Every structure is written in structure tokens, then in C-alpha cells.
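1. structure here, sequence nowhere to be found:
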Ligand SMILES: NC(=O)c1ccc[n+]([C@@H]2O[C@H](COP(=O)([O-])OP(=O)(O)OC[C@H]3O[C@@H](n4cnc5c(N)ncnc54)[C@H](OP(=O)(O)O)[C@@H]3O)[C@@H](O)[C@H]2O)c1
């Protein structure tokens, strides 16, 4: 059983609670919030023996916690992950785990030094359907793909009214690429590897960060296009093109159906079985790797995360998306 603490009482932390209930093997031990009342209100929903904190230091020093689930704004993930790892805790940090690749590299070596595991909660890449697609493609020659995730943000009205929600703030590492583009980027790296060249055209208008955009990932023999948006929703499916036909996915952020249409027009459905909660499969993977002390599997996920963040960094530079703190990284 992994006893974990929740860092930040955002709505996604409640989703994590549902996911670990489905996954099994986890127990909530403590909750941290900047406000003790919020920590208590969160804890009250899940049991009576859950410690609450408004001191980050005391929370991270709680000896009963094996793992910290971090659901703070993007711009605080690095700092929060570092503090948790320094205390020898395993970490699951929400995506995007870092704003700059060197931050992930430094967390990776800190985790190794402390004998702790650090995971980026890139939920979609842990879906069984993603492995199913990999297996299906393994003998096919990939020619290209169009992968997309665009969803109108519930925080758009606030942005348009002159407020600056964290998810659109350059200070907190916001924008479409960081928030939603990371999902197609993750599966692109998982399925096709690290691209040789990348470019990103972003719609920024009057804002510092991207509200939408299109990235091209160039491979030696294929071209993968990524569409992402927070100012509109796209209902188009994603597609992968091979020498034998086209694989059509209803989505790449939560795959529910995949079908292959060959060059003669014959269709085959892949046997996708979606989990009952979209974060459950990542929670299961993390628990299994931690419980089995499977360092090889952990390194594989950590290296994939590094590749994704190196690509995101290049994409941001291509579209001049600059976050607070980027200068120190150069
Ligand atoms: N995996 C998924 O499907 C999924 C879905 C949505 C979001 N996410 C990720 O989850 C993370 C949180 O997203 P969100 O939209 O909930 O972010 P958010 O509203 O900006 O903040 C999340 C929480 O962090 C704390 N917080 C807010 N501002 C802070 C500040 N200035 N300093 C310190 N703490 C602060 C708050 O918790 P307290 O008030 O308790 O301190 C807040 O509830 C993001 O990284 C996002 O990408 C993942």
C-alpha cells in the first residue's frame, strides 16, 4: 500500500482520488493546501484520519507519506517536486511536470540519488490503447500522422474579461501547448520516437502564450502534425498513415475507439477497452512500478518525459513563447 499526500486541492486532485480508488493500492495520508480550511474540506471527503497542513515543510516531512501527488500550477511543479524528492518521497507530478527540459533532467538525477521515483502524470500515454496501437503499428511503415487535442477552456471567458488565469499565464507556464498539446506530443514520442526537426506556428494575438497552434514533427521518413487549442474545440479524429492504410483514432487524449481502414477500404476495429476513469491506468502503472521497485520501467518513463520536454522547449522557441525564468535556463 502506498500512502500518499495531496499537494494542492485543485479539481484534478479529486479526479486523482477517483483514479486511485479504481487502481487500488493507494491510501490518502495527508493533504496540503495554502489554506488549512481547504485542506480540511478536501480531507473530510475521504476519511477521518487524514492529516492536514498549510505548512509545506511540515507536510513534506510527514514520515507516513511514501509519495506526493502534485497538482499545483505548472510553474510551481519543479520547485514542489524538488522539495518532495529531497525528502526522499516518490513524486507524481501533474503535466507539464516542468517548464524547461534541464529541470526534468535535474529532478531525474535527484530522484536517482535519493532512491525515489518521479513520474509525470501524462495520463493518456499510460492507456492500454496506446500500447495496442504501438503493437498494431510495429510491422507497418509509418508515413505520417495528424494528432489533435483542442478544447475550449472553461477559463477563456475570464481571460477575455481581462483576468489572467494561471493556465494562460506566462508566469505559471500556461498556454495550449503546455496544457493540451502535451497529450498528442506524448503519444507521438511514444509511437514514433523523438523527431529530427520541429516547428510550431502559434496563435498568440494579444497574449504572451499560445491559445492555439500547429506543430510539425519531422522524422526521416514521415511528418507528424500536432494541432492544439484552448480557445476552441476540435471534434476531428486523429489519424496515423501507413503504407497499408489509415488508422483512425477518436481521440489521443482518451482513446475510446480505433479503426484501421486499409487501401481497399476494408475496416478493422481494434479491441480498445477504456478504463473506468481516465487517470486510472497511469495510477496503476505508477503503483506497480513503485511496489515492484522496477527501476528500469521507471527510467523508461522518465526518459520519455525528457524527450517530450526537449521537444516542447524547441517548439516554444520556434513560436517565441517565453516564460518567466527562461532566461536563466539559457
Ligand atoms: N491530468 C489531467 O487530466 C489534468 C486536468 C486538469 C489539470 N491538470 C493539471 O493539474 C495542474 C493544476 O491545474 P489547475 O487548473 O487546477 O491549476 P490552478 O487552478 O491554477 O491551481 C491548482 C491548485 O494549486 C494551488 N494554487 C493556485 N495558485 C497558486 C499559487 N499562486 N501558489 C501556490 N499554489 C497555488 C491551489 O490549491 P490550494 O488552494 O489548495 O493551495 C489550486 O487549487 C496543472 O498542472 C494542470 O496542467 C491535469
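-> Cool, the structure landed. A quick note: this is a predicted structure, and the numbers were derived from the prediction, not measured.
2. residue contacts, residue 76?
-> Residue 76 makes contact with residue 172, according to CB atoms under 8 Å, 6 or more residues apart in numbering. From N, CA and C alone the C-beta is placed, and that goes for glycine too.
3. so where do the helices sit in the stretch 151-300 of the chain?
-> Secondary structure of the stretch 151-300 of the chain (DSSP state H, counting those that start in this stretch): helices at 156-160, 176, 182-192, 280-291, 295-318.
4. can you tell me which of those is packed in deepest?
-> helix 176 (a mean of 28; mean count of other CB atoms under 10 Å).
5. contacts for it, please.
-> Identification of contacts with helix 176 by CB under 8 Å, 6+ apart yields 150, 202, 209, 210, 211, 212, 213, 228, 229, 230, 231.
6. and the last one, how far from residue 204?
-> With the distance defined as CB to CB, to the nearest Å, residue 231 ends up 11 Å from residue 204.
7. what sits in contact with each of those two?
-> residue 211.
8. who has more neighbours out of the two?
-> Neighbours of residue 231 and residue 204, each counted by other CB atoms under 10 Å, are more numerous for residue 231; the result is 19 against 16.
9. how about the residues of the stretch 151-300 of the chain near the ligand?
-> The stretch 151-300 of the chain has residues 166, 167, 179 near the ligand, with proximity defined as CB under 6 Å from any ligand atom.
10. can you give me the neighbour number for the residue nearest to the second one when sequence neighbours are not counted?
-> Computed as CB to CB, 6 or more residues apart in numbering, the closest residue to residue 167 that is not its neighbour in sequence is residue 174, at 4.6 Å. Neighbours of residue 174 under the rule other CB under 10 Å: 30.
11. which residues touch residue 174?
-> Applying CB under 8 Å, 6+ apart, we find residue 174 in contact with 74, 165, 166, 167, 168, 209.
12. tell me the pLDDT of it.
-> According to the per-residue confidence, residue 174 scores 96 in pLDDT.
13. separation between it and residue 98?
-> 14 Å.
14. again, but for residue 296
-> Separation of residue 296 from residue 98 (CB to CB) stands at 22 Å.
15. any idea how far residue 199 is from the residue nearest to residue 167?
-> Here the distance between residue 174 and residue 199 works out to 21 Å (CB to CB).
16. which one of the helices of the stretch 151-300 of the chain lies closest to residue 48?
-> Proximity of the helices of the stretch 151-300 of the chain to residue 48 was assessed by CB to CB; the nearest stretch is helix 280-291, lying at 23.2 Å.
17. list the contacts of the closest one.
-> Defining contact as CB under 8 Å, 6+ apart, one finds that helix 280-291 is touched by 2, 16, 19-20, 22-26, 66-67, 90, 92, 117, 119, 121-123, 126-128, 275, 294, 297-298, 301.
18. show me what contacts whatever residue of the stretch 201-330 of the chain ends up closest to the ligand?
-> Closest contact between the stretch 201-330 of the chain and the ligand, by CB to the nearest ligand atom, is at residue 279 (6.2 Å). By CB under 8 Å, 6+ apart, the contact set of residue 279 is 15, 16, 18, 19, 121, 123.
19. chain neighbours aside, what residue packs nearest to it?
-> Once its chain neighbours are removed from consideration, residue 279 has its nearest residue in residue 19; the separation is 3.5 Å (CB to CB, 6+ apart).
20. next, count neighbours for that neighbour.
-> Residue 19 is flanked by 24 other residues according to other CB under 10 Å.
21. quick one: the strands in this structure?
-> Listed in chain order, the strands found in the chain under DSSP state E are 2-7, 26-32, 51-53, 67-70, 90-94, 118-121, 142-150, 197-203, 212-219, 222-229, 238-242, 245-249, 258-262, 267-269.
22. now the closest residue to residue 168 other than its chain neighbours: how far from residue 166?
-> Nearest residue to residue 168 in three dimensions, chain neighbours excluded: residue 174, at 4.7 Å (CB to CB, 6+ apart). Computed as CB to CB, the residue 174 to residue 166 distance reads 6 Å.
23. overlap of the contact sets of those two?
-> With contacts defined as CB under 8 Å, 6+ apart, the residues shared by residue 174 and residue 166 are residue 74.
24. where are the low-confidence patches of the protein?
-> Filtered on pLDDT under 70, the chain yields the residue ranges 329-330.
25. give me the domain ranges for it.
-> The chain breaks down into these domains under automatic domain parsing: 2-124+280-293, 128-277+310-329.
26. distance from the first one to the middle of the chain?
-> If I follow you right, that is domain 2-124+280-293. Counting by CA atoms, centre = their mean, to the nearest Å, domain 2-124+280-293 is centred 14 Å from the centre of its parent chain.
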